[in-house]
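A.B. asks: build me a structure from this.
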Amino acid sequence: MKNEFKNLMQRIYAKTKLVRGKESFFNDVNNSKIYLMLVPKHGNMGDQAIIYATIAFLKDYFSDYKVVIVNFSQTYKDFKRLKEKIKEDDIIFLPGGGNMGNLYPWEEFARRFIIENFLSNKIVSMPQTIDFRNTKSGRRELKKTMKVYNSHPNLTLIAREEKSYNLMKACFPQAKVLICPDIVFYLSSIFGKQRKKRSMIMSCIRSDKESISNDKVLLNLQKHFPDLLIDDTVVARNISNELREIEVNSKLNQFMRSKVVITDRMHGMVFCAITNTPCVVTKSLDHKILGTYQWIKNLDYICFVDKLDSDSTIKLIDGLSRRDISDKKLDVLQDHFKTLRKRIGL
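C.D. replies: Below you'll find the predicted structure:
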């Protein structure tokens, strides 16, 4: 255990050289750079896992570039200095996720701001779900986004599921549009090999505006499984660049210690897939869970249901908790990442 912790800290120290925020882009003098911008500090561990996986991917496949981290909070307040530091041959990467749309408008505003103000740079948006609501405000914001994105001469958008791919192709004809699984799947080569003693049933159910689950189901599950751990992929604290790896590892270890997870979180499902953890997953507000499930529907320990029902969910949990899970490799998904740099055109 001591050696394992020591090795982890050594890896974290090495990575913090890449992720020091302000110091990186104010003081760095290397030539070829990738600026990973809009990096969040909030406690959504799905989003933090996206950044963790993106940095790992860039380190593996773009080793000829220096990766510079720019926090979301620096987007506006340090804009003038960013404009001075970012050269025309530098590449800007924007994080993947599920915030391209009007559900989280501040995220979309910031993405438009960068795309609109860095017209001389190649910009790559990592695997995203697009979801503009069919409302007056949703249609209005989509028009604004279409105008900005289609005005950029060198923009690559990567969708993480088929519906988003088709929408991006239709809305952004001037951009290069690709499809690739959620970048967190890239971590399967690391966490799929690890083993922990599984000792609990865990629920990971949303309580925010994306939730469509029934609270009564969770109460019934608690009655049937008294030791049910009620958890979430969101923690009530900010996550610094230096501690991101520790925090993501801690959350994934929790999944690896679970016999079964019940979730309506997309990254709850992805965390289960990459850690070989049996899972009952249901949909949330938009199409991202069902779309992402299509990449892993061959995994017999990931069970998608249209709606959580107490009796059927209990039966599924009982069955999955007794299942002997052998190694389920996600090699076919890794193939998408291996070819991604070439498909981007770099």
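A.B. asks: ok, which stretches of the stretch 51-200 of the chain are helices?
C.D. replies: Remark: helices assigned in the stretch 51-200 of the chain by DSSP state H, counting those that start in this stretch are 74-77, 79-85, 105-117, 136-150, 162-171, 188-191.
A.B. asks: please state the offset of the fifth one from the chain centre?
C.D. replies: Same thing as helix 162-171. Here helix 162-171 is found 19 Å from its chain centre; the criterion is C-alpha atoms, centre = their mean, to the nearest Å.
A.B. asks: for it, name the packing helices and strands.
C.D. replies: Under the contact criterion of 3 or more C-beta pairs under 8 Å, 6 or more residues apart in numbering; DSSP states H and E, helix 162-171 touches strand 122-131, helix 136-150, strand 155-159, strand 176-179, helix 288-296. Glycine gets a C-beta too; all of them are placed from N, C-alpha and C.
A.B. asks: export it as CSV, just CAs?
C.D. replies: This file holds the C-alpha atoms of helix 162-171, laid out as CSV (Å, rounded to 0.1, in the frame of the first residue of the first chain):
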residue,chain,number,x,y,z
GLU,A,162,-24.6,9.3,-33.1
LYS,A,163,-27.4,11.7,-32.5
SER,A,164,-25.0,14.5,-31.6
TYR,A,165,-22.9,13.6,-34.7
ASN,A,166,-25.9,14.0,-37.0
LEU,A,167,-26.9,17.3,-35.3
MET,A,168,-23.4,18.7,-35.5
LYS,A,169,-23.2,17.7,-39.2
ALA,A,170,-26.5,19.4,-39.9
CYS,A,171,-25.9,22.6,-37.9
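A.B. asks: what about it, average pLDDT?
C.D. replies: In this model, helix 162-171 has a mean pLDDT of 98.
A.B. asks: nearest to Leu330, out of the helices and strands packed on helix 162-171?
C.D. replies: Leu330 lies closest to helix 288-296 among the helices and strands packed on helix 162-171, at 7.3 Å (C-beta to C-beta).
A.B. asks: what residues of the closest one count as buried?
C.D. replies: 288-293, 295-296 (16 or more other C-beta atoms under 10 Å).
A.B. asks: nearest residue to Phe185 in space, please, no chain neighbours.
C.D. replies: Of all residues not flanking Phe185 in the chain, Leu333 sits nearest, at 4.8 Å (C-beta to C-beta, 6 or more residues apart in numbering).
A.B. asks: which residues does the one you found contact?
C.D. replies: Listed by C-beta atoms under 8 Å, 6 or more residues apart in numbering, the contact partners of Leu333 are 181, 185, 188, 295-296.
A.B. asks: ok, 10 Å please
C.D. replies: Shown in contact with Leu333 (C-beta atoms under 10 Å, 6 or more residues apart in numbering): 180-182, 185-186, 188-189, 273-274, 295-296.
A.B. asks: domain assignment for this structure?
C.D. replies: Domains of the chain are assigned by automatic domain parsing as 2-184+333-344, 187-328.
A.B. asks: before we move on, the earlier item: dump the helices of the stretch 51-200 of the chain to JSON lines, plus mean neighbour count and distance to Asn44.
C.D. replies: Below are the helices of the stretch 51-200 of the chain laid out as JSON lines (neighbours: other C-beta atoms under 10 Å; distance: least, C-beta to C-beta, whole Å):
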{"stretch": "helix 74-77", "mean neighbour count": "14", "distance to Asn44": "18"}
{"stretch": "helix 79-85", "mean neighbour count": "14", "distance to Asn44": "24"}
{"stretch": "helix 105-117", "mean neighbour count": "17", "distance to Asn44": "11"}
{"stretch": "helix 136-150", "mean neighbour count": "15", "distance to Asn44": "21"}
{"stretch": "helix 162-171", "mean neighbour count": "18", "distance to Asn44": "19"}
{"stretch": "helix 188-191", "mean neighbour count": "19", "distance to Asn44": "19"}
